[in-house]
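[1] Next one to model:
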Amino acid sequence: MTTNPRKFSASIIGTMLLLALPLSQVGGQEQERLETKANANVGSAVANLLKRLPQIWSIKRAARKVAGDLKRYPGEVSMPESELIYGWLAELCRYPHRRPGTAEDKAAEEWIAARFREFGLENVALDPVPIQVWTAKKWSLEVEGQTIPSFFVVNTGFTGEQGVDAQMVYVGTGRPGDFEGADVSGKIVVAEVPFPKLPYGALLRLSGAAYTISDPDGWVKLSSSQYLNFVRSNFLGGTTAANAPEGDVYWQSYRRGAKAICLILRDQPSNSNTHYGPYDGIMKPMPGLWIGKYDGLKLREMARQGKSAKLVLAGEIKPGEMRNVWGVLPGKSEEVILVTSHHDSPFQGAVEDGAGAVQVLAQAWAWSRVPAAQRPKTLVFVIDGGHFYGSLGGHTFARVHKDIMKRAQILITLEHLAGKEVSEKDQAYAETGKLAFSVMFTSNQPRVIGSVLKAFEKRPPRTTAAVPFDFFGPAPTSDAAGYVIEAGVPVISWIGCPYYLLDDHDTLDKIEKKELKPVAETVGELIGIYMAN
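    Model prediction:
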């Protein structure tokens with residue numbers, strides 16, 4: 001039985017979504033409803049989406065008609081085997097991280113450029129983008145002689161080797177009421193950082209908000225939901241002391257004179273503390289450390305008791321640069337199909353974003369074997385830098401190469417694909433046997449949506465939903481954002497979202513190797529449709 005979305009009013013769907021929101025659980029010891037304030041951004045996005053449903057349904061109807069008229073690429077384009085793609089991935093992930101501006105990321109940039117040249121791309125370039133390179137060298141947290149496992153909050157202030165000794169103060173999630181009666185001046189703030197939880201199964205299945213859902217295995221259930229751990233509800237990033245909102249626990253603590261801050265990853269489904277965020281590229285004055293969920297339970301009680309702690313975060317900031325790596329496969333026309341990802345990663349980065357980078361390589365490899373006379377349009381491949389520096393690489397490329405952006409018929413951005421889904425078991429990640437859910441942020445244009453529908457008919461991916469590109473805001477929440485914001489280019493941004501993206505569990509074993517070629521075939525089908533139309 002197929003649900004007709006027009007039979008549902010926005011108010012009924014909204015009620016269903018509220019009922020689908022699960023309870024937040026910390027250590028199995030206490031349950032509380034997800035805080036309204038903590039979910040404000042996602043809740044607002046969902047509310048806006050529900051208001052737009054009639055428009056979305058209308059665009060979908062038009063897209064189905066367009067899809068029927070679109071031609072497929074008439075030639076044969078053979079994608080590399082999964083083993084070859086995985087071999088590239090292993091090479092790219094041979095370092096412990098690829099953080100912007102580091103020697104490790106520079107080596108990755110040069111390796112990618114060498115592959116582009118090997119495949120026969122023209123005008124291969126490494127465009128430099130100057131940045132301030134923040135490097136933590138030592139960090140720790142001790143409470144009355146007991147070491148609490150921790151990890152640095154990127155781009156926060158350094159204490160020097162001597163560290164900061166001060167009494168701890170617990171402020172909940174840092175709402176204005178949490179600070180009432182709490183004197184944090186000269187102290188170490190301890191706070192919890194919640195993540196909103198999106199009931200994507202109910203949202204997409206009941207509302208018809210997705211342009212299409214490809215789910216041949218039936219993995220997307222009405223009950224399917226996920227914490228959005230790239231959305232730190234009370235520490236979003238992108239702000240300073242001058243313009244941070246009232247609910248930002250970091251900046252509120254700093255404004256009130258705190259010496260340092262410890263942030264508990266309350267909703268991370270493991271005890272991992274290696275959270276790399278917010279990665280906005282903004283240098284922040286107050287030192288900060290991340291604490292895992294279960295270690296955070298202990299720290300919270302210690303802070304409530306007013307115990308003292310010693311926090312150390314030592315390192316350096318120095319000028320450096322990262323580079324956008326790109327090259328061209330000329331076609332018969334100047335019209336451009338732009339295929340992108342990013343190369344930087346906070347840790348080994350097999351899924352974030354080795355998986356995206358090697359999918360760009362797969363397309364460059366495959367289409368370079370097609371004679372130029374059989375490529376109706378020009379392909380430009382970009383693997384940019386600085387996703388973990390406020391997506392500065394994408395913004396810079398779009399600003400510098402305005403001629404390319406003006407000729408771009410479509411931007412196809414590939415991130416975190418073929419990653420395994422994990423859940424929590426015994427305070428650690430456990431594989432579920434499924435692929436991580438992914439979305440294609442798709443421009444609200446019938447031709448763009450139609451190309452996705454056409455590609456999915458022949459090469460249906462697993463557990464993937466195509467959704468409006470502005471689902472969460474004016475641009476996709478992906479590395480495509482810089483290109484879209486700067487140039488307004490039509491976009492298909494395919495991105496997976498497993499829980500381990502921002503921590504050191506993002507290792508090669510998280511890749512479902514056999515899925516690498518099928519992913520490439522779906523992308524190749526999309527490119528072929530744009531080649532033919």
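
[2] Any regions of this protein where pLDDT drops low?
    1-41 (pLDDT under 70).

[3] Quick check: the gap between the residue nearest the centre of it and residue 50.
    With distances taken as CA atoms, centre = their mean, the residue of the chain nearest its centroid is residue 478 (5.5 Å). Distance of residue 478 to residue 50, computed by CB to CB, to the nearest Å: 22 Å. (C-beta placed from N, C-alpha, C; glycine too.)

[4] coming back round to it: which ones are touching the residue nearest to the centre of the chain?
    413, 415, 441, 493, 495 (CB atoms under 8 Å, 6 or more residues apart in numbering).

[5] For those, name the two members farthest from one another.
    Farthest-apart pair in those is 415 and 441; separation 10.3 Å (CB to CB).

[6] Spell out which residues are contacts of both of those two.
    Residues touching both residue 415 and residue 441 (CB under 8 Å, 6+ apart) are 478, 493, 495.

[7] Narrow the residues you listed to those in strands?
    Among the shared contacts of residue 415 and residue 441, the residues falling in strands (DSSP state E) are 493, 495.

[8] Tell me the one among the shared contacts of residue 415 and residue 441 nearest to residue 463.
    Distance to residue 463 across the shared contacts of residue 415 and residue 441 (CB to CB) is lowest for residue 495, with 12.7 Å.

[9] Count residues in the vicinity of that closest one, would you?
    The number of residues packed near residue 495 is 24, by other CB atoms under 10 Å.

[10] Does it touch residue 419 like I think?
    No - using CB atoms under 8 Å, residue 495 is not in contact with residue 419; the gap is 10.2 Å.

[11] what residues are up against the nearest residue to residue 96 once chain neighbours are set aside?
    Closest residue in space to residue 96, ignoring its immediate chain neighbours: residue 348 at 6.2 Å, by CB to CB, 6 or more residues apart in numbering. Residue 348 makes contact with 93, 95-97, 354, 504, 506-508 under the criterion CB under 8 Å, 6+ apart.

[12] and if you look at residue 477?
    With CB under 8 Å, 6+ apart, residue 477 has these contacts: 230, 441, 471.

[13] Any of those buried? List them.
    Buried by 16 or more other CB atoms under 10 Å: 230, 441, 471, out of the contacts of residue 477.

[14] Could you give the number of residues near the residue nearest to residue 250 when sequence neighbours are not counted?
    Spatial nearest neighbour of residue 250, excluding adjacent residues (CB to CB, 6+ apart): residue 235 at 5.1 Å. Counted with other CB under 10 Å, residues neighbouring residue 235 total 24.

[15] and residue 235, that's in a strand?
    No - if the criterion is DSSP: H, G, I helix; E, B strand; the rest coil, then residue 235 is coil and not within a strand.

[16] from memory it sits against residue 248, does it?
    Yes - assessed by CB under 8 Å, residue 235 is found in contact with residue 248 at 6.1 Å.

[17] Next one: residue 410 from residue 320, what distance?
    33 Å.

[18] Those two: which is more packed in?
    Higher neighbour count among residue 410 and residue 320: residue 410, with 23 against 19, using other CB under 10 Å.

[19] And the strands in the stretch 351-500 of the chain, which stretches?
    Ranges of strands within the stretch 351-500 of the chain are 378-384, 408-415, 420-425, 428-435, 438-442, 464-468, 491-496, based on DSSP state E, counting those that start in this stretch.

[20] Need the contact partners of the first one.
    Applying CB under 8 Å, 6+ apart, the set of residues contacting strand 378-384 from outside is 112, 116, 121, 324-331, 333-343, 357, 360, 363-364, 367, 393-394, 396-397, 404, 407-408, 479, 482, 527.

[21] Emit the PyMOL select command for whichever of these are buried.
    Per 16+ other CB under 10 Å, the buried members of the contacts of strand 378-384 correspond to this PyMOL selection:
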select buried, resi 112+116+121+324+325+326+327+328+329+331+336+337+338+339+340+341+342+343+357+360+363+364+367+393+394+396+397+404+407+408+479+482+527
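
[22] start to end distance for stretch 151-170?
    Terminal residues of stretch 151-170 lie 19 Å apart, using CA to CA, to the nearest Å.

[23] Please spell out which residues along that stretch are buried.
    Buried-residue list, stretch 151-170, by 16+ other CB under 10 Å: 151-159, 163-164, 166, 168-170.

[24] Quick check: chain neighbours aside, which residue is closest to residue 70?
    Going by CB to CB, 6+ apart, residue 70 has residue 454 as its nearest residue, at 4.9 Å.

[25] Now do the one you found against residue 526, distance only.
    Look at residue 454 and residue 526: by CB to CB, they are 9 Å apart.

[26] With residue 509 instead?
    Using CB to CB, one gets 28 Å for the distance from residue 509 to residue 526.

[27] Who has more neighbours out of the two?
    Comparing residue 509 with residue 526 by other CB under 10 Å, the one with more neighbours is residue 526, at 24 against 10.

[28] The more buried one sits in which helix or strand?
    helix 516-532 (DSSP states H and E).

[29] Going by neighbour count, which residues in that helix are buried?
    Buried positions in helix 516-532, judged by neighbour count with 16+ other CB under 10 Å: 516-531.

[30] which strands and helices sit next to the one helix or strand residue 66 maps to?
    Using DSSP H and E, residue 66 sits in helix 53-69. Where contact means 3 or more CB pairs under 8 Å, 6 or more residues apart in numbering; DSSP states H and E, helix 53-69 is packed against helix 446-458.

[31] Next, the angle from the helix it packs on to strand 408-415.
    Computed with axes from the mean of the first three to the mean of the last three CA atoms, to 10 degrees, the direction of helix 446-458 lies at 50 degrees from that of strand 408-415.
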